[in-house]
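In: Sequence below, structure please.
(chains A, B, C, D, E and F)
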Number of protein chains: 4
Amino acid sequence: MTVHSVVGERGGGDKRARILAAAERVFARRGFFAARVSEIAKDAGVADGTIYLYFKNKDDLLISLFEARMTQVNEALRVAIEGVPPGAQLHAFVRAYLQLVHDEPAAAEVLTIELRQSSKFMKEYENPQFADFLRLLGGIIAAGQERGELAEDIPSHIAARMIFGMLDELALAWVLAKKDATQRISGGAGGSKPRKFDIVRAADWVVALVATGLKKERTTP
Amino acid sequence: MTVHSVVGERGGGDKRARILAAAERVFARRGFFAARVSEIAKDAGVADGTIYLYFKNKDDLLISLFEARMTQVNEALRVAIEGVPPGAQLHAFVRAYLQLVHDEPAAAEVLTIELRQSSKFMKEYENPQFADFLRLLGGIIAAGQERGELAEDIPSHIAARMIFGMLDELALAWVLAKKDATQRISGGAGGSKPRKFDIVRAADWVVALVATGLKKERTTP
Amino acid sequence: MTVHSVVGERGGGDKRARILAAAERVFARRGFFAARVSEIAKDAGVADGTIYLYFKNKDDLLISLFEARMTQVNEALRVAIEGVPPGAQLHAFVRAYLQLVHDEPAAAEVLTIELRQSSKFMKEYENPQFADFLRLLGGIIAAGQERGELAEDIPSHIAARMIFGMLDELALAWVLAKKDATQRISGGAGGSKPRKFDIVRAADWVVALVATGLKKERTTP
Amino acid sequence: MTVHSVVGERGGGDKRARILAAAERVFARRGFFAARVSEIAKDAGVADGTIYLYFKNKDDLLISLFEARMTQVNEALRVAIEGVPPGAQLHAFVRAYLQLVHDEPAAAEVLTIELRQSSKFMKEYENPQFADFLRLLGGIIAAGQERGELAEDIPSHIAARMIFGMLDELALAWVLAKKDATQRISGGAGGSKPRKFDIVRAADWVVALVATGLKKERTTP
DNA sequence: GATGAATGAGGCTTCATTCAT
DNA sequence: GATGAATGAAGCCTCATTCAT
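Out: I've put the predicted structure just below:
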């Protein structure tokens, strides 16, 4: 199953998928609130009214998009850690996640930015797929703790949150930097618009930080 | 300088501050897009039109709020690490940040959720205060690397991003959990609505993770 | 010819009649403007598009319905007064009309309520069947006046209008009361939702009022 | 209190009244469903949005209009029968009602046609003013029955309904005839579009019919 | 400066109607 | 003839912003 088959492509077969793919592009381009249903329709090559044959309303479009993408992300992550030795699963997970961000920047942008939108989506909407995601990541950590490989002073679900926070922030920084081709390569800690960096390579940084921290003198055999 | 003097209080003196404080409450309650200028005016005890004597428009209200809060956050963080030995500054920084989140949940909600929002603010808006924040945090890390205390394999500005990601995610989880008093204390990695936890104590977890990672066998003198 | 054969039945044969019957049910249930063509189609067991094979548009559906029903009403009324002595024809007419209302409440509701509706139907639409109805009733009165049995101070067509007004209002009151089974049997002149009464028996009241009025001691020459 | 002061005039003072007056004109002209809020606004000389400062929505406009008008009608009728000898009150009531129709044809049209509109208004909407109207008329009849002047074989509230039916039908016929200046003066019982007649004079016809019926030789005891 | 009634542009959505199959 | 997915015009309503008082 490819990424595109889930959300649909421009030349895709069924309308629902094409609308969802268009919604993703437009939400990424404008943001949910600034996105116009008519623009999504135009982008999908359907009439405005057609959207309402497949989705209840504009909100449903975002929720459906999120569910489709998040389900797919979870699926890909599960595949990525399958057959991997327990001790290497966290690395595999992180790398796979950032690879997905790299491959589907529009999806990453919607997941990263739009879904924080409080009212309708993080508060009222229960969001079971994101819970799945956290459960998957938390499970890897908890298993490491049970095997005695990972310290138990941090609750696994909190650790999962923290790792997700890192990944999400890196994804956001990368996605926003990507937007701006005229980005000045100013040195230092940069402006609010971060410089471009290799998001896939960043997986190693995340794993390094999570595994052994920043302190220099560390692991002894 | 107190927190309130920056953003204003209900019984406060000047109108500008009262409007800003009201905006923060309403943005936290409804989200930026769902917030109504008239509700902010009512909450501030002024007429709708009065808001436009102090702010250019609704966007300006959010930007001003963000700048005031972020300036104050940076100020508080600078104070928190002042006079602290270099090796302990990161801990002080993290603890101070999460304490601020704890003390001003409405502010935390606006900074955490609303500012990620759409195009208008993370893309078009330059956001120098957030850059300051990252520079401050990145500087602490860079200094540690220069002193040879911290590993240099992760660029300091990337490390700063990752740490901010953790802090932001914890703040978000805590703020959203706070919203829902009827939260079931179900076990496991939880649902999308995280269980309540002690946000201030979480500072230790962040520092532990950042310092030495999750791996069990670690630092030897 | 039965009532149903004109407007069609659920299990009926040809599609046109089934659509018309469904339209009557839906118009009675929702009102013309709130009725959805798709609901009529569903109720008739045909596809939406099929309706347009038999009717020009939604308006045509109501007009056709009205013409079919009114033609049938006029037919039934003509039959009802056939062979009846001239002096008893008015009574027969009134009784037959209210009996039809009783037997076909959905039809009565459409004729009574929907057709008064806006411009489209009472203003722009010529409505020859209703003219027939008034001509039939007016003819009975005019004949009575010519025979010297009825006073001539009221023009026969005005008298016909007044009698129709009574019948129509009684039908409306009865139909609307029928809607609400939980009707409180509060005394007095009632609320806007009238109490249930025997619509067929009401024929005697109409005839009594029309024949001799309300005055108790009737004038003697 | 004049008629206009209740519903408002074009050059009137407050906006609410002007909007209500415009709504009455537009509803009479187009019918409720075909009426456009923007046309009402234009007719009232206000912006579209202004209407929503005074009324909740389009439905509220019709309900408010009905309540204002019906309250005023009831008031006028009460004044019309005040001080009139009991035996003459019915005549006074009928004449006053038809005079109101004559003086305010747009109001009559809205009351007569639009309010039959089933779903929203006769079914869901309780309509206390119309109940008042019926109570007033029914009270006059009941009083006549108690004084022994009127026959008691017809329940007073049914008699009230029947009289209202006559008045309403005459009003409708007159209002619709008025619409069409090019009306052919075709003889006989006419088409569906009735010929013009003197609506005020019609009061005598109604009273004659109600009082003594159509029978020429009236029954002697 | 302060007010808040008024504005009016513009979006989401509905639904009668069409037409390729 | 029958279908029903697709169309797209058009309306109600919201709400940020203005400006006369």
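In: just for chain A, where's the confidence low?
Out: For chain A, the stretches with pLDDT under 70 are A:1-13, A:117-124, A:179-195, A:214, A:216-221.
In: Next to DNA strand E in this structure, residues from it, please.
Out: Within chain A, the positions near DNA strand E by CB under 7 Å from any atom of the strand are A:Ala35, A:Arg36, A:Val37, A:Ser38, A:Asp48, A:Gly49, A:Ile51, A:Tyr52, A:Asn57, A:Lys58, A:Asp59. In short, each C-beta sits where N, CA and C put it, glycine included.
In: same thing but at 6 Å, please
Out: A:Arg36, A:Val37, A:Ser38, A:Asp48, A:Gly49, A:Tyr52, A:Asn57, A:Lys58 (CB under 6 Å from any atom of the strand).
In: For the residues you listed, give me CSV that also has distance to A:Leu167.
Out: Shown next, in CSV, are the residues of chain A next to DNA strand E (distance: CB to CB, whole Å):
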residue, distance to A:Leu167
A:Arg36, 31
A:Val37, 31
A:Ser38, 34
A:Asp48, 36
A:Gly49, 39
A:Tyr52, 35
A:Asn57, 31
A:Lys58, 28
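In: Let me know the closest of those residues to B:Leu98.
Out: Relative to B:Leu98, the closest of these is A:Lys58; by CB to CB it sits at 35.8 Å.
In: Surely A:Phe197 is within a strand?
Out: No - per DSSP: H, G, I helix; E, B strand; the rest coil, A:Phe197 lies outside any strand segment and is coil.
In: Tell me how many other residues crowd it.
Out: By the criterion of other CB atoms under 10 Å in any protein chain shown, A:Phe197 has 17 neighbours.
In: what does the one 3 residues further on give?
Out: Taking other CB under 10 Å as the criterion, the count of residues near A:Val200 is 14.
In: hang on, the earlier thing: just the residues of chain A next to DNA strand E that are near chain B?
Out: When contact is defined as CB under 8 Å from any CB of the partner chain, the residues of chain A next to DNA strand E do not meet chain B at all.
In: Return the member of those residues nearest to chain D.
Out: The closest of these to chain D turns out to be A:Asn57 (CB to the nearest CB; 19.3 Å).
In: Tell me which stretches of chain A form helices.
Out: Assigned by DSSP state H, the helices in chain A fall at A:3-7, A:15-30, A:37-44, A:48-54, A:58-81, A:86-103, A:105-112, A:128-146, A:156-179, A:202-212.
In: counting contacts, what elements does the third one pack onto?
Out: Translated: helix A:37-44. On a contact count with 3 or more CB pairs under 8 Å, 6 or more residues apart in numbering or on different chains; DSSP states H and E, helix A:37-44 meets helix A:15-30, helix A:48-54, helix A:58-81.
In: what's the closest of these to C:Leu20?
Out: Across the helices and strands packed on helix A:37-44, closest to C:Leu20 is helix A:48-54 (CB to CB), at 28.0 Å.
In: does any part of that closest one sit near DNA strand F?
Out: Yes - counting by CB under 6 Å from any atom of the strand, DNA strand F has neighbours in helix A:48-54: A:Asp48, A:Gly49, A:Thr50, A:Leu53.
In: which among these end up buried?
Out: Buried members of the residues of helix A:48-54 next to DNA strand F, counted by 16 or more other CB atoms under 10 Å in any protein chain shown: A:Thr50.
In: need the residues of helix A:48-54 next to DNA strand F in JSON lines with distance to chain D, can you?
Out: Converted to JSON lines, the residues of helix A:48-54 next to DNA strand F look like this (distance: CB to the nearest CB, whole Å):
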{"residue": "A:Asp48", "distance to chain D": "21"}
{"residue": "A:Gly49", "distance to chain D": "21"}
{"residue": "A:Thr50", "distance to chain D": "26"}
{"residue": "A:Leu53", "distance to chain D": "25"}
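In: Now distance to D:Lys215 too, for the residues of helix A:48-54 next to DNA strand F, in a markdown table please.
Out: Formatted as a markdown table, the residues of helix A:48-54 next to DNA strand F follow (distance: CB to CB, whole Å):
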| residue | distance to D:Lys215 |
| --- | --- |
| A:Asp48 | 66 |
| A:Gly49 | 62 |
| A:Thr50 | 67 |
| A:Leu53 | 65 |
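In: Out of the residues of helix A:48-54 next to DNA strand F, which is nearest to B:Phe133?
Out: A:Asp48 (42.4 Å).
In: Pull the contacting residues for A:Ala108.
Out: A:Leu100, A:Val101, A:Ala171, A:Val175 (CB atoms under 8 Å, 6 or more residues apart in numbering or on different chains).
In: Tell me, how many residues neighbour the first one?
Out: Using other CB under 10 Å, A:Leu100 has 21 neighbouring residues.
In: A:Met70 is in contact with that one, correct?
Out: No - the pair A:Leu100 / A:Met70 is not scored as a contact, 10.9 Å apart, by CB atoms under 8 Å.
In: Not counting sequence-adjacent ones, nearest residue to A:Thr71?
Out: Once flanking residues are discounted, A:Thr71 sits nearest to A:Gln129: 5.6 Å by CB to CB, 6 or more residues apart in numbering or on different chains.
In: who are the neighbours in contact with the one you found?
Out: Contacts for A:Gln129 (CB under 8 Å, 6+ apart) come out as A:Phe66, A:Glu67, A:Met70, A:Thr71, A:Asn74.
In: Flag every residue of chain A that's near chain D.
Out: So chain A never meets chain D (CB under 8 Å from any CB).
In: Not counting its neighbours along the chain, what's nearest the spatially most central residue of chain A?
Out: Nearest to the mean C-alpha position of chain A, by CA atoms, centre = their mean, lies A:Ala108 at 4.7 Å. Excluding the flanking residues, the one nearest A:Ala108 by CB to CB, 6+ apart is A:Val101, at 4.2 Å.
In: picking up where we left off before, in TSV, list the contacts of A:Ala108 along with distance to B:Gly213.
Out: Putting these into TSV (distance: CB to CB, whole Å) gives the following:
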residue	distance to B:Gly213
A:Leu100	24
A:Val101	23
A:Ala171	21
A:Val175	27
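In: okay, among those residues, which ones form the most distant pair?
Out: Checking those with CB to CB, the most distant pair is A:Leu100 and A:Val175, at 12.2 Å.
In: Taking chain A, what residue is nearest to chain C?
Out: A:Leu53 (12.2 Å).
In: burial of the spatially closest residue to that residue that is not a sequence neighbour, as a residue count?
Out: In this structure, A:Leu53 finds its nearest non-sequential neighbour in A:Lys15, 7.8 Å apart by CB to CB, 6+ apart. Neighbourhood size, A:Lys15 [other CB under 10 Å]: 16.
In: same check, this time on A:Glu67
Out: With other CB under 10 Å as criterion, A:Glu67 counts 15.
In: who's in contact with it?
Out: Contacts for A:Glu67 (CB under 8 Å, 6+ apart) come out as A:Gln129.
In: Setting the sequence-adjacent residues aside, check what's closest to A:Ala96.
Out: Going by CB to CB, 6+ apart, A:Ala96 has A:Ala80 as its nearest residue, at 3.5 Å.
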